[in-house]
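J.: I would like to see how this sequence folds:
(chains A and B)
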Amino acid sequence: MTATNSRVRPWLFHGGMSILAALWVVPLALVVVTSLRTFDDLADAGLASVPKGLTFDPYQQALESGEWHSIVNSLLITVPVVIVTLLLASMAAYGLARHRIPFRKTLLLLMLAGNLLPAQLLLIPVLKLTEQFGIFDSRIGMIVVLTAVGLGFYVFVLHGFMRGIPEEVTHAAKIDGATTFGVYLRIVLPLTKPAMAALGSLAFTWTFNDLLWSITLLRDEQKLPVTPAILGMQGEFVSSWNVIAAATVIAAIPTVIVFLRFQRYFISGLLIGSSK
Amino acid sequence: MAAVPKAVSRGGPGALSVGVRRGSRETLVLLAFVLIPFGLEMFWTFWPALNSVYISLTQWDGIAPPVFVGLDNYARMWSDETFRTALRNTVIWLVLFGGLSVLGGLGLALLLDKPRKGIGVYRAIFFLPVVFSMVVTALVWRMIFQPDGVVNGLLAAVGLEDQARIWLGEPETALYALIVPALWRQVGYIMVLFLAGLKTVDPLLHEAAKVDGATAFERFRHVTLPQLRPITTVVLAVTVIDALRSFDIVWALTKGGPYHSSELLSTYQFSTGLLGSQLGYGSALAVVIFLLTVGTIVVYLVRSLRDEESA
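T.: Residues are numbered from 1 along each chain as shown, chains lettered A, B, ... in the order given. Model prediction:
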């Protein structure tokens, strides 16, 4: 194609790229291999050694020590957050994008600004607020807070997306007697599906990966999601690197599944996100 | 369509009552659509943020009522050595983590922009860590930095045993050892943003510049870079925000130690404000983080506006 392309030999490109790519792949491969080794093997030869044999025992140990329970905790928080976030954000975005509400631009920018405030500025007062409402150290508290502090970003992205829906479509439905709610449910929501899939997969990943809010708002270990829980496992399995590696792999699986399943949407979500 | 004030104005009986009643119900639905999410978010963001500013002016242990102390908490920072370490580390973090992730992401995007065989695989590999949590990333890299881990193993293999050290456990290396995994996860994200930006670069301009005899570097400098300006602004804003709120990777690996050597403002804020029950001082640290974020972005915007005017 271009002169640069023909001048730089393909083997040079692939040689250099493979070395770079190895820096990304080797750490992952190391964790997977470590998670399949026995404790004795690791204790004898160290982490940076060739394994003697492979076993699935570390996975069983990790799951039995409570990781299964914490994965369930993660899902019990993440799934409601994703659903409520998409619902509330699409409602607000529809109202702001399709109706001449006074100060709508200000409302939108305030919501985006609220989302950009650093979490550190919110932690202490939010902790006190959840105590006052009696939702400190509870799943419902986590769901409310994680939904509320994230909303602005999703409203902003969906607002942009909904403005792209032709005015005639919603107009025609209104003339046919559809209510505001009817237009939202039967016309706007179905047309917004691709954006919702993108934002849904982002929301899932971000909520599932949260550490800061969990360690701020939860005390009871029985309620801890998997992200903070695997940090605690380090203390429990101090030198059992195989179990910690297995726990790490397990904790990464849900987001990797969502990523693979929604890959196309996921990346487009990051891109619409970047246009803010 | 929905002229809101008109619908609200009258609800009384009359010839129009059916239409008005329907109209006012519609208005209520619409108001609920916008105000419930808006109110929810404001209540859990701006209201706490304002509270933080107030708490930062008090001395408070979280149990007894707070005592107003004016700007004492901010004055205390000057003489607090840990604060100065955390501030310096945060600036280092912003420059190194922010700078290298932007340069690395841009470099990868430029290398992987033109269609070539195998390019999709490389892109997927660099992007994959973006879906991992920082905690997963931390545990992956903890194994690499272990005393008997890969880094020291490699050093021994090339005869540099004496360079081996406990990377995360020594004050001289801890902060820099933390930047590596943070970069590992961030670069792929920045790459995707720049790849999207590169799609908007007009290939005809490249051809024209080449015909005029411009070298590859000149074409990058004068054709690609100016057209990447909008996405660059986005990337820098994202990077500054991400860098200054970085917390997870440090908390997961060193908790700011040893001896505060890898302390960032975010981890110091958490240690003092949430674990140390110094809510006033912790809030003041949070306000500093906020001001740093806003300040850095404003400085960048002002500079880039000035550049644009002089260009």
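J.: all contacts plus neighbour counts: C-alpha atoms, from now on.
T.: Will do.
J.: helix or strand right after the helix or strand containing residue A:70?
T.: Here residue A:70, judged by DSSP states H and E, is contained in helix A:68-98. Once the chain leaves helix A:68-98, the next helix or strand it forms, by DSSP H and E, is helix A:104-116.
J.: wait, does that next one make contact with chain B?
T.: Yes - Helix A:104-116 lies within reach of chain B by CA under 8 Å from any CA of the partner chain, at A:107, A:111, A:114, A:115, A:116.
J.: which secondary structure elements does that helix contact?
T.: On a contact count with 3 or more CA pairs under 8 Å, 6 or more residues apart in numbering or on different chains; DSSP states H and E, helix A:104-116 meets helix A:68-98, helix A:139-163, helix B:17-44.
J.: most neighbours among the residues of helix A:104-116 next to chain B, which one?
T.: residue A:111 (26 neighbours; other CA atoms under 10 Å in any protein chain shown).
J.: what's the separation between it and residue B:234?
T.: Noted for residue A:111: a distance of 18 Å to residue B:234, by CA to CA, to the nearest Å.
J.: return the residues of the stretch 151-300 of chain B in contact with chain A.
T.: B:153, B:184, B:192-193, B:196, B:216, B:231, B:234-235, B:238, B:241, B:245, B:247-248, B:252, B:266, B:269-270, B:273-274, B:279, B:283, B:286-287, B:289-290.
J.: change it to 7 Å
T.: Residues of the stretch 151-300 of chain B found near chain A (CA under 7 Å from any CA of the partner chain) are B:153, B:193, B:234, B:245, B:248, B:252, B:266, B:274, B:283, B:286, B:287, B:290.
J.: which of those sits closest to chain A?
T.: Taking CA to the nearest CA as the measure, residue B:286 is the one of those closest to chain A, at 4.9 Å.
J.: follow-up on the earlier one: and the helices and strands packed on helix A:104-116, which one's lowest on average pLDDT?
T.: For the helices and strands packed on helix A:104-116, the weakest mean pLDDT is recorded on helix B:17-44, namely a mean of 82.
J.: which strands or helices does it pack on?
T.: helix A:68-98, helix A:139-163, helix B:4-9 (3 or more CA pairs under 7 Å, 6 or more residues apart in numbering or on different chains; DSSP states H and E).
J.: which one, of those helices, ends up nearest to residue A:205?
T.: helix A:68-98 (8.7 Å; CA to CA).
J.: please identify the buried residues of that closest one?
T.: A:68-71, A:73-82, A:84-86, A:88-98 (16 or more other CA atoms under 10 Å in any protein chain shown).
J.: and for stretch A:115-132?
T.: Buried residues in stretch A:115-132 (16+ other CA under 10 Å): A:115-127, A:129-130.
J.: ok, back up a step: can you pick the most crowded of the residues of the stretch 151-300 of chain B next to chain A?
T.: Counting by other CA under 10 Å, top hit in these: residue B:283 with 32 neighbours.
J.: am I right that that residue falls within a helix?
T.: Yes - assignment of residue B:283 by DSSP: H, G, I helix; E, B strand; the rest coil places it within a helix.
J.: picking that back up, quick check: the farthest pair among the buried residues of stretch A:115-132?
T.: Most distant of those, by CA to CA, are A:116 and A:130, 21.1 Å apart.
J.: identify the residue nearest residue A:159 in space, chain neighbours excluded?
T.: Nearest non-adjacent residue to residue A:159, counting by CA to CA, 6 or more residues apart in numbering or on different chains: residue A:93, 4.5 Å away.
J.: roughly how far apart are the one you found and residue B:42?
T.: For residue A:93 relative to residue B:42 (CA to CA), the value is 16 Å.
J.: circling back to that earlier point, I'd like to know which elements the helix holding residue A:70 is packed against.
T.: Right, helix A:68-98 is packed against helix A:139-163, helix A:193-208, helix A:226-236, helix B:17-44 by 3+ CA pairs under 7 Å, 6+ apart.
J.: any idea which of these gets closest to residue B:223?
T.: helix A:139-163 (29.3 Å).
J.: closest to residue A:51 out of the residues of the stretch 151-300 of chain B next to chain A?
T.: Nearest to residue A:51 among those, with distances taken as CA to CA, is residue B:153, at 14.8 Å.
J.: residue contacts, the closest one?
T.: Residue B:153 is in contact with residue A:48, counting by CA atoms under 7 Å, 6 or more residues apart in numbering or on different chains.
J.: 10 Å instead?
T.: By CA atoms under 10 Å, 6 or more residues apart in numbering or on different chains, residue B:153 lies in contact with A:46, A:47, A:48, A:49, B:144, B:145, B:146, B:147, B:159, B:160, B:161, B:164.
J.: go on, residue A:21?
T.: Taking CA under 10 Å, 6+ apart, we find residue A:21 in contact with A:14, A:15, B:121, B:122, B:123, B:124, B:125, B:126.
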